[in-house]
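Undergrad: please work out how this folds:
(2 chains)
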Amino acid sequence: DAGVIQSPRHEVTEMGQEVTLRCKPISGHDYLFWYRQTMMRGLELLIYFNNNVPIDDSGMPEDRFSAKMPNASFSTLKIQPSEPRDSAVYFCASSTTPYNSPLHFGNGTRLTVT
Amino acid sequence: SQQGEEDPQALSIQEGENATMNCSYKTSINNLQWYRQNSGRGLVHLILIRSNEREKHSGRLRVTLDTSKKSSSLLITASRAADTASYFCATDRGYGGATNKLIFGTGTLLAVQP
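TA: Residues are numbered from 1 along each chain as shown, chains lettered A, B, ... in the order given. Below is the predicted model:
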């Protein structure tokens, strides 16, 4: 298995632009998670899905952030409009349970908003 | 919200030495997991230990869990330069007691000098 695949690996954009991050989870994993990592706040859970349905989005910082999972093999995290404080590394992870089994992480998307 | 707090924040040792990292948490848990993150990469799962277990081993890794003290430790024996990474603990219960997601600690940065 190729593992969790995220794209792009790096994204540089200007403030106000729309940003879309993509994730392909491991086949057969029913849970998909979006995390954000910054030096100041560490690793934060933004949202997670079970069988393509959003279960907990309490970590989504603002209405500017939205996430979708149209099918079992694809998810997107969108920021519109982007702001410099959104600069971070965004990770997607998948698992067979929400917390009782290992999470498999992608290599992340490093987002820089200027 | 942070649940686990790793200690120390940074650790530098010589190759061949043992490295010990600690994780403390505040609420009761069902399980605790340890992850490694190499620079520029996603997190990789190391060990999961359940609340009714006291110790687990995996190769050169040894994890202990003391639920009475709400703490866990990760021991890496005979360290190698390739062990240089950040190490995170994660628990399945955040503040407020909700058991539905994995919350990561702040991490320990381990540097193994060749």
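Undergrad: next, give phi and psi for A:H104.
TA: Here is the backbone geometry of A:H104 (degrees, to the nearest 10): phi -110, psi 120.
Undergrad: tell me, how many residues neighbour it?
TA: One way to gauge burial is a neighbour count; for A:H104, by other C-beta atoms under 10 Å in any protein chain shown, it gives 21. To be clear about C-beta, it is placed using only N, CA and C from the backbone, and glycine gets the same treatment.
Undergrad: next one: it from B:T27, what distance?
TA: Summarising the geometry, the distance separating A:H104 from B:T27, computed by C-beta to C-beta, to the nearest Å, is 26 Å.
Undergrad: with A:Y48 instead?
TA: Here the distance between A:Y48 and B:T27 works out to 19 Å (C-beta to C-beta).
Undergrad: quick check: A:R85 is in a strand.
TA: No. In this structure, A:R85 is helix, not part of a strand, as judged by DSSP: H, G, I helix; E, B strand; the rest coil.
Undergrad: and the nearest residue to it once chain neighbours are set aside, how many neighbours does it have?
TA: Taking C-beta to C-beta, 6 or more residues apart in numbering or on different chains as the measure, A:R85 lies nearest to A:V113, with 7.8 Å between them; neighbours along the chain are not counted. With neighbours defined by other C-beta under 10 Å, the count for A:V113 comes to 20.
Undergrad: what sits against A:S87?
TA: Taking C-beta atoms under 8 Å, 6 or more residues apart in numbering or on different chains as the definition of contact, the neighbours of A:S87 are A:38, A:111-113.
Undergrad: actually B:S51, not the one I typed
TA: If you count contacts by C-beta under 8 Å, 6+ apart, B:S51 has them with B:28-32, B:65, B:67.
Undergrad: SS state for B:C89?
TA: Three states are possible here, and by three-state DSSP the one that applies to B:C89 is strand.
Undergrad: measure B:R50 to chain A for me?
TA: Distance, B:R50 to chain A, using C-beta to the nearest C-beta, to the nearest Å: 9 Å.
Undergrad: ok, A:P102 - how many residues close by?
TA: Neighbour count for A:P102, taken as other C-beta under 10 Å: 19.
Undergrad: leaving out sequence neighbours, find the closest residue to it.
TA: That would be B:H45: by C-beta to C-beta, 6+ apart, it lies 3.6 Å from A:P102.
Undergrad: same question for the helix or strand containing that neighbour, mean pLDDT?
TA: Assigned by DSSP states H and E, B:H45 falls within strand B:43-50. For strand B:43-50, mean pLDDT rounds to 96.
Undergrad: quick one: strands adjacent to the helix or strand just after it?
TA: The first helix or strand that comes after strand B:43-50 along the chain, using DSSP H and E, is strand B:55-58. Counting by DSSP bridges, the strands paired with strand B:55-58 are strand B:61-66 (antiparallel).
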